[in-house]
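sequence first, then the predicted structure, then my questions.
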Amino acid sequence: MASQDYSPNSPPTPSFATNKNKFFSGFTRSISTKEPSFSQFPYTPPRHNTNDVSPSFSQTESLHASPTSSPRFIPLKHPDLLTAYRCISSVLKKDGRILSIAASNGLVYSGSDTNVIRVWKLPEFTECGQLKTKACMVVALEVSHDRVYAAYGDGKVRIWQRTWDGGLKHERLATVPKIGSYVRSFYIAGKDKTVKHMGAITSLAINVAEDILYSASIDKTVKVWRISDLKCIETIQAHAEPINAIIAADDGILYTASDDATVRVWRRNFCHGDQLPHSLTVILPAKYSPVKTLTLTADGAILYGGCTDGYIHFWLRGWFSGQVQYGGALQGHTHAVMCLASVANYVVSGSADSTSRIWSKDPDGLHTCLAVLVGHRGPIRCVTAFLGRLGEETEEGCTICTGSLDGVLKVWRVTSKSNSDNSGCLAQGGSEYFEL
């Protein structure tokens, strides 16, 4: 079992702030350098013209120089792959920054600074509905089993039920936590007084098999909610610094990423006895750089973590050996990696350098940067991806939706031709193993 002791003298790391105007001002490229945060990164305000669609082509050659503070890796020969991509839709609303995005069953949900969650219909990518509340700033979105879970800047999660009877409808189900649950806790002796997060929520994750909703916060905790009755059944004191991302695997393993430059792996104990329901299993270091985002492959075999130094670290999980191996790092972004998504053998990253990168993993485990999507004029905060053309899985390639702090929501179509001589642009560096 890995130790859960924290060093009280650990250096402070950048984090999410609760103030609306400073919510993302804490991203820096590396805690080991004195470079300014990306909040000083200049970008031009977007025009209200959405006719900027034009075909583009990207080589696997990096468009940027490597960061100065970086993990070790072994450069390989770049494959001669030509990847075609184009922006097929670009939408700008007067909603401020795009903070969250999720896709499900031919629909895309986008959250922003306002109190409105917009619903977009595929393949037309036309707005077909809105979810409104009194609270503002939708910082995280998850959709599962026709339920929409949205985390807001007030530290609460709102839940909607999606129905298709007589057309698309969304019915508001509940707010988590319920007002009475945390108001009464201050007056009932012995009651848990931390039902409500003491800071802004940063990420949501759902474990459908175990009927659990996870919420992570800058208050350094993860709260475990039972979906059936929406009660908080556990509070995990997960990290010594603010938590930026969480993701739950199908087998019940929970991954948390924090400004303390680690990814922690948690296992749920069903017969806990004296043990806590969730116990810390592994601590995965991220080369001294705060981890801002996580994604997991569909089979749960590879975990990716995007860091403030512009690198995407990844870990390989062995199904039979019971170990997690550090696989290496993907190099390309020049500023903090703010969001990640994975579908099939593709990994999509969005960064504060205003670009998105599409990475492909071959059967040998080598990664290739297929394309660099350029078009946003501000840091890319959220991304989602799915196979085929706008939800149709019959076509090769993938479709990507990106949301930026410039207030623009873009949809991209990426296709590439396979190459038998494909060798990744980065080798799998490192041989560190961790017991799982």
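In hand now; what should we look at?

pretty sure Ala301 sits against Trp315.
No. Counting by CB atoms under 8 Å, Ala301 does not reach Trp315; the two are 9.8 Å apart. (C-beta placed from N, C-alpha, C; glycine too.)

more neighbours: which of those two?
When Ala301 and Trp315 are compared on other CB atoms under 10 Å, the one with more neighbours turns out to be Trp315, at 23 against 14.

check contacts around the more buried one.
When the contact criterion is CB atoms under 8 Å, 6 or more residues apart in numbering, the partners of Trp315 are Val263, Leu284, Ile302, Leu303, Gly305, Val324, Gln325, Tyr326, Gly327.

drop anything exposed from these.
A residue is treated as buried here by neighbour count (16 or more other CB atoms under 10 Å); on that basis the buried members of the contacts of Trp315 are Val263, Leu284, Ile302, Leu303, Gly305, Val324, Gln325, Tyr326, Gly327.

point out where the chain drops to low pLDDT.
Applying pLDDT under 70 to the chain flags residues 1-82, 179-194, 271-276, 320-322, 389-396, 416-436.

so which residues of it form helices?
Defined through DSSP state H, the helices belonging to the chain, from first to last, are 179-183.

so in it, which strand runs the longest?
For the chain, the strand reaching the highest residue count under DSSP state E is reported as strand 82-92.

how about it: buried residues?
Neighbour counts over strand 82-92 (16+ other CB under 10 Å) mark Thr83, Ala84, Tyr85, Arg86, Cys87, Ile88, Ser89, Ser90, Val91, Leu92 as buried.

tell me the contacts of the residue nearest to the last one when sequence neighbours are not counted?
Across the structure, with CB to CB, 6 or more residues apart in numbering as the measure, the residue nearest Leu92 apart from its sequence neighbours is Val408 (5.0 Å). Neighbouring residues of Val408 by CB under 8 Å, 6+ apart: Pro46, Ser90, Val91, Leu92, Ile98, His376, Arg377, Gly378.

turn those residues into JSON lines, including distance to Ser349.
Putting the contacts of Val408 into JSON lines (distance: CB to CB, whole Å) gives the following:
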{"residue": "Pro46", "distance to Ser349": "21"}
{"residue": "Ser90", "distance to Ser349": "20"}
{"residue": "Val91", "distance to Ser349": "22"}
{"residue": "Leu92", "distance to Ser349": "23"}
{"residue": "Ile98", "distance to Ser349": "16"}
{"residue": "His376", "distance to Ser349": "13"}
{"residue": "Arg377", "distance to Ser349": "18"}
{"residue": "Gly378", "distance to Ser349": "16"}
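
and which of these is nearest Val108?
The shortest separation between Val108 and any of these is 10.4 Å, and it belongs to Val91 (by CB to CB).

not counting residues beside it along the chain, what's closest to the closest one?
Take Val91 and drop its neighbours on the chain: the residue closest to it by CB to CB, 6+ apart is Leu409, 4.7 Å away.

identify the bridge partners of that neighbour.
With DSSP bridges applied, Leu409 shows beta-bridge pairing to Val91, Gly403.

how much space between it and Val372?
Between Leu409 and Val372 the distance, using CB to CB, to the nearest Å, works out to 19 Å.

more crowded one of the two?
Neighbour comparison, Leu409 and Val372: the larger count goes to Leu409, with 26 against 22 (by other CB under 10 Å).

wait, the more buried one touches Ser90, no?
Yes. In this structure, Leu409 is within contact of Ser90 by CB under 8 Å, at 7.5 Å.

Trp359 contacts Asn345, correct?
No. The pair formed by Trp359 and Asn345 falls short of the contact definition of CB under 8 Å, at 9.1 Å.

look at the two and report which has more neighbours.
Set Trp359 next to Asn345 and count neighbours by other CB under 10 Å: Trp359 wins out with 25 against 14.

in contact with the more buried one, which residues?
With the criterion set at CB under 8 Å, 6+ apart, Trp359 makes contact with Ile312, Leu330, Tyr346, Val347, Val348, Ser349, His367, Thr368, Cys369, Leu370.

just the residues you listed: which are in strands?
Helix and strand membership here follows DSSP E; of the contacts of Trp359, those in strands are Ile312, Leu330, Tyr346, Val347, Val348, Ser349, His367, Thr368, Cys369, Leu370.

of these, closest to Ile159?
For Ile159, the nearest member of the ones in strands among the contacts of Trp359 is Val348. The distance, counting by CB to CB, is 26.9 Å.

picking that back up, which of the contacts of Trp315 fall in strands?
When strands are assigned by DSSP E, the members of these inside them are Val263, Leu284, Ile302, Leu303, Gly305, Val324, Gln325, Tyr326, Gly327.

thanks again, I'm all set now.
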